[in-house]
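Mind folding the following:
(one chain, ligands or ions: 1)
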Amino acid sequence: MITYTDSLSGITDQQLKGFFAGWSNPPSPQIHLNVLQNSHAVILALDSDAGKVVGFISAISDGVLSAYIPLLEVLPEYQGRGIGSELVQRMLGQLKGLYMIDLVCDEGLRSFYERLGMRKAFGMMQRNFDRQNGKES
Ligand SMILES: CC(C)(COP(=O)(O)OP(=O)(O)OC[C@H]1O[C@@H](n2cnc3c(N)ncnc32)[C@H](O)[C@@H]1OP(=O)(O)O)[C@@H](O)C(=O)NCCC(=O)NCCS
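As a prediction, the model looks like this:
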């Protein structure tokens, strides 16, 4: 059974395996947990039978006007079952008191986000691929 939570209580890095599929230099589960702990809001999808996280979404925010959704992922074997849509809907619900909620995605995902009430915008970005696995401490 898939359950959803906005709490990281009791979540360990051992439950965060298999994410960042296709990334050339993926963050470790420990760095992933760090990312979630430092986010403004997170929602996790859990497979309660397997005892693992199978999807997540995170948001960073000033808590006053704006939020940005940097990460959304569902494990490949759990995709196509509505989990990604549920994560986005729950996060948009959590952030609904804010003025602007932004994210960047590939053109192929446009219809996925439009179905969930988002609109296309123009954006700018920079990517430091040598830091894809996290900032040096
Ligand atoms: C995008 C993602 C989170 C969707 O999760 P999911 O649980 O499969 O989503 P849902 O089951 O709620 O919805 C699936 C719908 O999204 C569409 N979709 C999913 N990934 C897509 C992609 N890369 N390109 C185009 N459409 C996509 C599917 O075609 C499907 O549409 P349908 O209902 O008309 O068949 C998941 O595919 C994923 O983790 N992808 C890799 C990471 C990623 O791209 N994250 C988004 C960063 S902006």
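
any idea how far the spatially closest residue to His40 that is not a sequence neighbour is from Ile83?
Nearest non-adjacent residue to His40, counting by C-beta to C-beta, 6 or more residues apart in numbering: Ser61, 3.8 Å away. For the C-beta atoms, the positions are set from N, CA and C on the backbone; glycine is no exception. Between Ser61 and Ile83 the computed distance is 23 Å (C-beta to C-beta, to the nearest Å).

So which bits of this structure are right by the ligand?
Counting by C-beta under 6 Å from any ligand atom, the chain comes close to the ligand at 72-74, 79-85, 103, 105, 108-109, 112.

what two of those have the greatest distance between them?
The distance between the two most remote of the residues of the chain next to the ligand (C-beta to C-beta) is 21.3 Å, for Arg81 and Leu103.

Which one's more surrounded, the two?
Taking other C-beta atoms under 10 Å, Arg81 and Leu103 do not tie; Leu103 has more neighbours (19 against 14).

Figure out how far the lengthiest helix in the chain is from the centre of its chain.
When the chain is parsed with DSSP state H, its longest helix is helix 83-94. A distance of 10 Å separates the centroid of the chain from that of helix 83-94, by C-alpha atoms, centre = their mean, to the nearest Å.

and if you look at stretch 130-137?
Its chain's C-alpha centre and that of stretch 130-137 lie 18 Å apart, by C-alpha atoms, centre = their mean.

buried set for that stretch?
Across stretch 130-137, burial judged by 16 or more other C-beta atoms under 10 Å covers Asn133.

And it, end to end?
End-to-end distance for stretch 130-137, by C-alpha to C-alpha, to the nearest Å: 14 Å.

Quickly list what the residue found closest to Ile2 once you drop the neighbours it is linked to in the chain is bridged to.
Leaving aside its chain neighbours, Ile2 sits nearest to Ala45 (5.6 Å; criterion: C-beta to C-beta, 6+ apart). Bridge pairing for Ala45 (DSSP bridges) gives the partners Tyr4, Gly55.
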